[in-house]
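# Next one to model:
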Amino acid sequence: MAASAAPPPGDARPPRPGLRERKKLKTRAAIREATYRLIGERGYEATTIEQIAAEAEVSPSTVFRYFPAKEDIVLTDEFDSAMAAAVRARPAGEPPLEAVRAVLRQAVETVLADRPEEFARRGRLLVEIPAVRARMTETMAESSLLLSRAVADRTGREEGDLEVAVFTASVLAALREVTIYWAEHGQKDDPAVLVDQALDTLKAGLAL
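Okay, the predicted model is just below:
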């Protein structure tokens, strides 16, 4: 069988995984889909891990192995590591903010094309459920670490460099606020355009 074509530079779509990893991704997807079905029927608070496990036809321990908390089922996706790799793959002379902008736009557009309803439901839960929003803030540290390493590699700086840390934290905070703003305003705007607007604000500062 011929190998699949490599994704273009800057593409945030994850590369095709091996068989074992595909099985894991299938299980994760089944758990996530079961969770959204149950939340739609019963509400977030009334949906338990045991119910999710039964709906997904796995054990509760399997759910916890893939997702340490119920909120993680809603928030976790497979794009963080792919995004870091895509940032590294951007043209060498491209400014860090523009490299990240291109990758974030691609990631948002890919999710909207592949899983629009999941993206919409995640946004609604971020607005409606304080625990989901709080967990998103907690788990941003892992995403920040992956992105910081990629930015440090591009700029020749140390991973623990203060400016790298501030830059990365600002970008991820901007992405978080874009998601919440989009959800709070009826999901009528183009999230990719909102990403551009948010990063323009980081670049230029807040005008008087």
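# going forward, measure contacts and count neighbours with C-alpha atoms only.
Noted.
# Using PDB, list the CA coordinates for stretch 50-57.
The C-alpha trace of stretch 50-57 is given here as PDB (Å, rounded to 0.1, in the frame of the first residue of the first chain):
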ATOM      1  CA  GLU A  50     -20.400   5.300  34.500                       C
ATOM      2  CA  GLN A  51     -23.200   6.300  32.100                       C
ATOM      3  CA  ILE A  52     -20.600   7.500  29.600                       C
ATOM      4  CA  ALA A  53     -18.700   4.200  29.900                       C
ATOM      5  CA  ALA A  54     -21.900   2.200  29.300                       C
ATOM      6  CA  GLU A  55     -22.900   4.300  26.300                       C
ATOM      7  CA  ALA A  56     -19.400   4.000  24.800                       C
ATOM      8  CA  GLU A  57     -19.300   0.300  25.600                       C
END
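# Let me know the average pLDDT across it.
Mean pLDDT, computed over stretch 50-57, is 96.
# how much distance is there from that stretch to the middle of the chain?
24 Å (Cα atoms, centre = their mean, to the nearest Å).
# Give me the buried stretch members for that stretch, please.
Using 16 or more other Cα atoms under 10 Å as the test for burial, stretch 50-57 gives Gln51, Ile52, Ala53, Glu55, Ala56.
# Let's see which of the residues you listed end up in strands.
Per DSSP state E, strands hold no members of the buried residues of stretch 50-57.
# Pick out the most distant pair among those residues.
Gln51 and Ala56 (8.6 Å; Cα to Cα).
# For the one helix or strand Val166 maps to, which outside residues touch it?
Here Val166, judged by DSSP states H and E, is contained in helix 162-184. The contact list for helix 162-184 (Cα atoms under 8 Å, 6 or more residues apart in numbering) reads 120, 123-124, 126-127, 140, 144, 147-148, 151-152, 157, 159, 188-189, 191, 194-195, 198-199, 202.
# And those, which of them are buried?
Judged by 16+ other Cα under 10 Å, buried ones among these: 120, 123-124, 126-127, 144, 147-148, 151-152, 159, 191, 194-195, 198-199.
# which of those lies closest to Pro96?
The nearest member of the buried ones among the contacts of helix 162-184 to Pro96, counting by Cα to Cα, is Val151 at 6.8 Å.
# mind checking pLDDT for the closest one?
With respect to pLDDT, Val151 scores 93.
# Select the helix or strand of the chain having the lowest average pLDDT value.
helix 79-89 (a mean of 83; mean pLDDT, DSSP states H and E).
# C-terminal to that one, what's the next element?
Using DSSP H and E, the helix or strand that follows helix 79-89 in sequence is helix 96-114.
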